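Student: fold the following, please.
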Amino acid sequence: MGNFTGFDSFELREQFWEIGVLTVSELTDYIKQMLDRDELLRDVCVSGELSNVKLHSATGHLYFTLKDADAQIDCVMWMDNVVKLDFQPSDGQHVIARGHVKVYPPKGRYQLYARTMHLCGTGYLWEKFELLKRKLEAEGLFDKARKKELPKFPQVVGIVTSPDGAAIRDIMRVCRKRCPNVQLILIPTAVQGAEAAPQIAAAIEFANELMSKGIVMFDVLIVGRGGGSIEDLWAFNEEIVARAAAKSHIPIVSAVGHETDFTILDFVADMRAATPSAAAEIVVPDLTEQRVRFFRLVSSLLSAMESLTKMAQQRLKALTTRRVLTNPQELMDIKRQRLDELFQRMGHSIQSILLQCKQRYVAAHSKLSALDPRGVLKRGYAYVRHPETGQIIKSVTETSIGSKVDVVLADGALRCEVEGVTQNGSEENEQRYNG
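Tutor: Residues are numbered from 1 along each chain as shown. Below you'll find the model as predicted:
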């Protein structure tokens, strides 16, 4: 709130306090905030006549006024946007400027900060074209991944165009010349004017409906018209047509205008043709070319077969000169003799191996016999064991006087009783054990 020092009476100050008194800056700032919050004013297109056009020589910024019969608005375009203009702005031109509206506080007025500007007419249409193109591209409608492949040999071709235009005549002429057997079905629509876009979209949907019901099995659709101005071709830039083409289950070839003409449908369609005649050439194969190609393939096949036959004959001739075929008995005799030699060598090898094995066996048996305890017993030795457990007694300390032991000889065992014990190297022990 501002101060009230300029008021003389207390009552007057109270009155302005109740209704709220703002300074000029506060009021301007409030209006600025209101405009900044308005969604519409953040991106608005304004048409009008240019006046007071001034290009700042130092900065390159453009200042101008847009006006019509009843109002006007000050405008600014910064230098980085000015350099993108495709025309030289001057007083009296009718243009469409796009930008945002804000308050300029030092002057206390609102003005349009323009980002783009086009002359009315084609300029306005191109602005709409670019806006829709960016929108659909952001949604992925132009992605190559969603493009459908065209059939190589279509049988039924749908044509969405005017029945009275040059496009249908060009398409029919080219198709009949290239492939008379292909079936052409016209789905008539307007291709110019306010009703054209809805009719074109409806025709695409109708073709898909016929196919889904199995009434007509379209292989491909050609959608287009002959050349004209941007206004004439504008129906193919409408969003309703683009979305109908994007939803189509039938591959679509766009054929709008001439080679230099581009429409939104060209980007959405599965294939773009420069003209309706070019679309027919893309869609319908040329039977004459196919026949020539076929005969070339047949000729190549025959040549390949002839070459293979000659190679086989040469190979057969080479084989017939080989000894295995000219004198097979001689080869068999050689093989038989070689087999006898191998059997003889194999017999010698087996005998040698058996002899070596026998010698190793005899040597091993001799070693085992030398280690056999029974051989030792036969030489007059014996060993002592417990009669009950059969455990071998290895020391005199493992028995006592009066205990029974078995003395094992080579041909049997003796049951003996220990009458005395003598330990090697100790007389004291001998006396102690003898008792």
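Student: tell me which helix or strand residue 159 sits in.
Tutor: strand 156-161 (DSSP states H and E).
Student: give me the contacts around that strand.
Tutor: Applying C-beta atoms under 8 Å, 6 or more residues apart in numbering, the external contacts of strand 156-161 come out as 167-168, 171, 175, 182-189, 191, 200, 203-204, 207, 216-225, 250, 276, 283-284. Every residue, glycine included, has its C-beta placed from N, CA and C.
Student: contact partners of stretch 46-63?
Tutor: Contacts for stretch 46-63 (C-beta under 8 Å, 6+ apart): 64-68, 72-79, 82-83, 89-98, 112, 120, 124.
Student: quick one, which of the residues you listed are buried?
Tutor: The neighbour count (16 or more other C-beta atoms under 10 Å) marks 64-66, 73, 75-77, 82, 89, 93, 95-98, 112, 124 as buried among the contacts of stretch 46-63.
Student: and which of those is nearest to residue 417?
Tutor: Closest approach between these and residue 417, by C-beta to C-beta: residue 98, at 134.7 Å.
Student: name the SS class of the closest one, please.
Tutor: For residue 98, the secondary structure call by DSSP: H, G, I helix; E, B strand; the rest coil comes out as strand.
Student: so who does it touch?
Tutor: Going by C-beta under 8 Å, 6+ apart, residue 98 touches 43, 44, 45, 46, 114, 115, 116, 117, 127.
Student: the first one touches residue 100, doesn't it?
Tutor: The one in question is residue 43. Yes: the criterion here is C-beta atoms under 8 Å, and residue 43 meets it with residue 100 at 6.3 Å.
Student: need the residues touching each of those two.
Tutor: Common neighbours of residue 43 and residue 100 are not found (criterion: C-beta under 8 Å, 6+ apart).
Student: for the stretch 101-250 of the chain, give me the ranges with low pLDDT.
Tutor: Within the stretch 101-250 of the chain, the ranges that satisfy pLDDT under 70 run 121-124.
Student: can we see that at 90?
Tutor: The model of the stretch 101-250 of the chain has pLDDT under 90 over residues 103-110, 118-131, 193-194, 227-232.
Student: which of residue 43 and residue 100 has more neighbours?
Tutor: residue 100 (16 against 11; other C-beta atoms under 10 Å).
Student: for the strand holding residue 159, which strands pair with it and how are they oriented?
Tutor: strand 183-188 (parallel), strand 220-225 (parallel) (DSSP bridges).
Student: and the next helix-or-strand element following that strand, what's buried?
Tutor: From strand 156-161 onward toward the C-terminus, using DSSP H and E, the following helix or strand is helix 166-178. Residues 167, 168, 170, 171, 174, 175, 178 are the ones in helix 166-178 that count as buried (16+ other C-beta under 10 Å).
Student: just give the nearest non-adjacent residue to the second one, would you?
Tutor: Closest residue in space to residue 168, ignoring its immediate chain neighbours: residue 161 at 5.3 Å, by C-beta to C-beta, 6 or more residues apart in numbering.
Student: pLDDT of stretch 276-286, averaged?
Tutor: Stretch 276-286 carries an average pLDDT of 93.
Student: go on, stretch 417-429?
Tutor: Throughout stretch 417-429, pLDDT has a mean value of 73.
Student: what about residue 118, how many residues nearby?
Tutor: When neighbours are counted by other C-beta under 10 Å, residue 118 registers 21.
Student: please read the previous query as pertaining to residue 153.
Tutor: 10.
Student: for it, what are its contacts?
Tutor: residue 285.
Student: one step back: most packed of the strands paired with strand 156-161?
Tutor: Most buried of the strands paired with strand 156-161, by mean neighbour count (mean count of other C-beta atoms under 10 Å): strand 220-225, with a mean of 28.
Student: tell me the phi and psi of the residue nearest the centre of the chain?
Tutor: The centroid of the chain falls nearest to residue 145 when counting by C-alpha atoms, centre = their mean (9.5 Å). When quoted as degrees, to the nearest 10, the phi and psi of residue 145 stand at phi -60, psi -30.
Student: test my guess that residue 182 contacts residue 175.
Tutor: Yes: if you go by C-beta under 8 Å, residue 182 and residue 175 touch, sitting 5.9 Å apart.
Student: shared neighbours, those two?
Tutor: 157, 284.
Student: if I look at the residue nearest to residue 168, how far off is residue 187?
Tutor: 8 Å (C-beta to C-beta, to the nearest Å).
Student: which residue ranges of the stretch 151-300 of the chain form helices?
Tutor: 166-178, 196-212, 239-247, 264-268, 276-283, 287-320 (DSSP state H, counting those that start in this stretch).
Student: mind putting those helices in a markdown table, distance to residue 134 included?
Tutor: Converted to a markdown table, the helices of the stretch 151-300 of the chain look like this (distance: least, C-beta to C-beta, whole Å):
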| stretch | distance to residue 134 |
| --- | --- |
| helix 166-178 | 29 |
| helix 196-212 | 19 |
| helix 239-247 | 12 |
| helix 264-268 | 11 |
| helix 276-283 | 26 |
| helix 287-320 | 41 |
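Student: which stretch among those comes nearest residue 340?
Tutor: Each of these was scored for nearness to residue 340 using C-beta to C-beta, and the closest is helix 287-320 (28.9 Å).
Student: the residue nearest to residue 168 pairs with what?
Tutor: With DSSP bridges as the rule, residue 161 is bridged to residue 188.
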